[in-house]
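Student: Let's see this in three dimensions:
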Amino acid sequence: IDALHACSGKRFNYNTYKLLALSITFWAYCLFHATRKPPSVVKSVLKGDQQLATGKQQQDGDTPVNYGWAPFNAPNGQSLLGQVDLAFLAAYAAGMFCAGHMGDRTDLRVFLSAGMVGSGLCCAFVGMAYLWDIHSMSYFTWFMIAGGVFQSTGWPSVVSIMANWYGKGKRGLVMGIWNAHTSLGNILGTVIAAACLQYGWGYAFIVPGVLISLLGLVVFATLVVQPADVGLSSNSYEPLPPSKSVDGGTASIEQVQLLADGTLRTARSSQGRLETIRLSSSRQLKPLDPHDFQEYDDHDGKDKADAESSEGVGFWQAWAIPGVSSFAFCLFFSKLIAYTFLYWLPYYIKSTPIEGRMLSAKQAGDLSTLFDVGGVAGGIMAGHLSDKSGASALVATGFTVASVPFLYLYRYYGNISFGINVVLMMICGFCVNGPYALITTAVSADLGTHESLAGNAKALATVTAIIDGMGSIGAAIGPMLTGYISDTTGFDGVFLMLYIAALMAGLLLARLCIKELQTLKGDRKLGPGLRVPSGVQLAIKHEDKL
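Tutor: Numbers count the residues shown, from 1 in each chain. Coordinates of the predicted model:
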């Protein structure tokens, strides 16, 4: 950071650091997801083509390996592939609960960068089995377990960092756009892995592993975890023009800051100090007495000291936060669906004829990226609707229930033509990724800063880890069950599992949906004129209590 300051000739302002945090965390988690895609792309290569048992060669030019890779080319190969997925995702889920607790108590910059480098090395070592001619199931299992543990450091870290820089106003939309890193990472991982197949399946793991390791070093050198780390206030400032008229009065205000206790603090450029003003019952801004003024010093380190002195919340205390358990179990089923597609969609496409034509592994991988294209739109739309309505549970439930008929249509009508397949696949991605993105980002961040925590800033990573940890258990179970079910009943049984999971995800939020409907009904009685953004709602509610 100091080197960047020297190059630019000046210190960065708040918005520059804010944009830097968004960009770094976006690309960091983008590559986290990119390193999860190679297993889904190489599944068909590792399993091999059963027709080759007769000795026939497949001339698709897709990969030099025609007979699969032991032990995955055995008759129970799909089950073994499911076990490898389970090893990674179970370790990821278990590590997630510990990672959130550790993240609240350690330097997130070091924590995140170490996880990226470790994850990259584990991914690369899996690919090295191709170069070293390793066929041991235990080798693949142990490196996937280690990779899952390192991967678990990513999500609690990036969500906590984003919450440090971005307030609750329009958090759903911002997080929805930012969460596009998940789908973009899936797309990049698929494209890179598919392109590497021509050199051998091992390179599909090695290249993404090297990329995330290198970015981990960049994160260590440039990431600013919170404003206090560079001498800035932990609350953002929004500039206002001079002599701004407020409720009939005039004030030469340069910056305004909304504090946690419902007061506003303003900084006047002429005096270089902060003046505290309070929202009165008549919605007018009135200054307090001069003895309430407090001097402001960019380098006093007060915010940093406060952040370091607060202690993280306990595991069970975080579970007791209202809404955490409901959204955590909903995410269990949402991620079960999302990760079943993440790990098995390319294999499903390759094994299912479209217009009577079988696709190669590379073609199936490239086509599967359209699911994530729909997922980007779904995440953004879910965040936008959540911001507009303030009803996150209703939005998540609507998306999950809507996914059921489209999953059915994709299974039974997606093979009619490529056009129908593409449209239905993108709609499924839209519906599946919407609640998944909303819960893991905006909802987790809101619950991690819930009023019951009394302003404790070090609870966010723990809450995020609990919610995503439960989701990761579902993510581990889904791909594993898919391997067994597809071996016995085919993919009809797999899609039946997905229908049930989607309905369960919606039912788990039923109680919260009822409460949100009652709240929306009460808002309509008050009239549309009183509709205000969520960040201001909290201040008005606090004022009404005074």
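Student: From what I see, residue 225 and residue 106 are in contact.
Tutor: No: between residue 225 and residue 106 there is no contact under CB atoms under 8 Å: 10.4 Å. (Glycine included, C-beta is placed from N, CA and C.)
Student: With neighbour numbers in mind, choose between the two.
Tutor: The neighbour comparison of residue 225 against residue 106 (other CB atoms under 10 Å) goes to residue 225, with 20 against 16.
Student: What is the three-state secondary structure of the more buried one?
Tutor: Recorded secondary structure, residue 225: coil (DSSP: H, G, I helix; E, B strand; the rest coil).
Student: ok, it - contacts?
Tutor: Going by CB atoms under 8 Å, 6 or more residues apart in numbering, residue 225 touches 21, 107, 108, 109, 160, 161, 164.
Student: let's go with 6 Å and repeat that
Tutor: Taking CB atoms under 6 Å, 6 or more residues apart in numbering, we find residue 225 in contact with 108, 109, 161.
Student: same check, this time on residue 188
Tutor: Applying CB under 6 Å, 6+ apart, we find residue 188 in contact with residue 34.
Student: and with 7 Å instead?
Tutor: Contact partners of residue 188, counting by CB atoms under 7 Å, 6 or more residues apart in numbering, are 30, 34.
Student: The stretch 101-250 of the chain: helices as residue ranges?
Tutor: 108-132, 137-151, 154-165, 171-178, 180-196, 203-222 (DSSP state H, counting those that start in this stretch).
Student: so where do the helices sit in the stretch 351-500 of the chain?
Tutor: Applying DSSP H, counting those that start in this stretch to the stretch 351-500 of the chain gives helices spanning 361-389, 392-413, 418-438, 444-448, 460-488, 491-508.
Student: possible to save those as JSON lines with mean pLDDT?
Tutor: Shown next, in JSON lines, are the helices of the stretch 351-500 of the chain (pLDDT from 0 to 100):
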{"stretch": "helix 361-389", "mean pLDDT": "86"}
{"stretch": "helix 392-413", "mean pLDDT": "92"}
{"stretch": "helix 418-438", "mean pLDDT": "90"}
{"stretch": "helix 444-448", "mean pLDDT": "56"}
{"stretch": "helix 460-488", "mean pLDDT": "81"}
{"stretch": "helix 491-508", "mean pLDDT": "92"}
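Student: can you tell which of those is closest to residue 175?
Tutor: Closest approach to residue 175 among those (CB to CB): helix 361-389, 5.7 Å.
Student: Can you mark which positions in the closest one are buried?
Tutor: Under the neighbour-count criterion of 16 or more other CB atoms under 10 Å, helix 361-389 has 361-387, 389 buried.
Student: Give me the angle between it and helix 392-413.
Tutor: Relative orientation of helix 361-389 and helix 392-413, computed by axes from the mean of the first three to the mean of the last three CA atoms, to 10 degrees: 150 degrees.
Student: Point out the other helices and strands that helix 361-389 packs with.
Tutor: The criterion is 3 or more CB pairs under 7 Å, 6 or more residues apart in numbering; DSSP states H and E, and the helices and strands that helix 361-389 contacts are helix 38-47, helix 171-178, helix 180-196, helix 324-351, helix 392-413, helix 418-438.
Student: Low-confidence bits of the chain, can you list those?
Tutor: 1-6, 8-10, 49-66, 100, 103-104, 167-173, 176, 233-322, 441-462, 522-546 (pLDDT under 70).
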